[in-house]
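1. quick one, structure for this:
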Amino acid sequence: MIKSFPFAGIFTGYDENGFPRSDRDYSEEDLARYVSDIFSDGVLEHGNNALMVTSNGGMSVRINYGAINIRGRHGYIYEEPEYLTLDPGDDLPRIDLVAMRLDTSIEVRAITPVVIRGTPSADPVMPVLTRNNIIYDMVLASVYIPDDVYSITQDDITDIRKDEDLCGTVYRIGKTRRNIGDIFIQSYPSANPNDLLCDGRYYDPTVYPDLHAKLSTLGLYNPNQWIMNQITPEFAGSSINGV
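-> Residues are numbered from 1 along each chain as shown. Model (predicted):
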């Protein structure tokens, strides 16, 4: 079956609930499918702090302004941050997750911030995410909760926004998107990101063979492509689309 939209509809009457119908009806699923065909799931990179989770005193955390795409739906925090409160520590440590949850059930129909509580254990692990046709979780951060505590610090919080399996950042479908700055740092952890470029435009594959191999494997190496921004420590977190 083929479906296409949008086209002007012609009024055909009312359904059993009294709502108008046309010969060109479209649903939210049609729009969500359209958006998913263009953009991936993930946080929209409006600066490095978009939807960043930080400690807020006691067991409270703060989620910064920002936006996220989940399965073709769009949610955003604006005007003021969101705050969540985690449960105090148990007899054993645990790991909680701070996530954005898509819930398409008729009772909810929203994207909301949630805490996913972990299981106390001598060797705690992250709790299992809910990901099905109704609920889909995207993780912003994990929070290590030591035993018997009533407050957490920033050191207990691990940023997970760029983890492609748990969250990731939005990119356009059909474009290979990789963070070249991150690949460089992973290949040469002790190097200065400023050294990525030779003469301010290109990296030198003879000096950084591991980086060259990774970019070539990902299809991102193009000897004629100029990298228009010098990669500094601040720029290392930015994204570059492969050509």
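
2. can you report phi and psi for residue 156?
-> Phi and psi for residue 156, reported as degrees, to the nearest 10, are phi -80, psi -10.

3. could you count how many residues lie near it?
-> Per other Cβ atoms under 10 Å, the neighbour tally for residue 156 reads 19. C-betas here are computed from N, CA, C, even on glycine.

4. not counting its neighbours along the chain, what's nearest it?
-> residue 144 (4.7 Å; Cβ to Cβ, 6 or more residues apart in numbering).

5. what mean pLDDT does the helix or strand where the one you found lies have?
-> Here residue 144 sits within strand 135-145, counting by DSSP states H and E. In this model, strand 135-145 has a mean pLDDT of 97.

6. so for it, what gets flagged as buried?
-> Across strand 135-145, burial judged by 16 or more other Cβ atoms under 10 Å covers 136-145.

7. if I look at residue 97, how far off is residue 75?
-> Residue 97 sits 17 Å away from residue 75, going by Cβ to Cβ, to the nearest Å.

8. more neighbours: which of those two?
-> Neighbours around residue 97 and residue 75, counted as other Cβ under 10 Å, are more numerous at residue 97. The numbers are 23 against 18.

9. show me what contacts the closest residue to the more buried one other than its chain neighbours?
-> Distances taken as Cβ to Cβ, 6+ apart place residue 116 nearest to residue 97, at 4.1 Å, with adjacent residues excluded. Neighbouring residues of residue 116 by Cβ atoms under 8 Å, 6 or more residues apart in numbering: 96-99, 127, 129, 137, 139.

10. burial measure for residue 35, as a count.
-> 15.

11. from the contact counts, what lies against whichever helix or strand it is part of?
-> Using DSSP H and E, residue 35 falls within helix 28-38. Here helix 28-38 touches strand 73-77, going by 3 or more Cβ pairs under 8 Å, 6 or more residues apart in numbering; DSSP states H and E.
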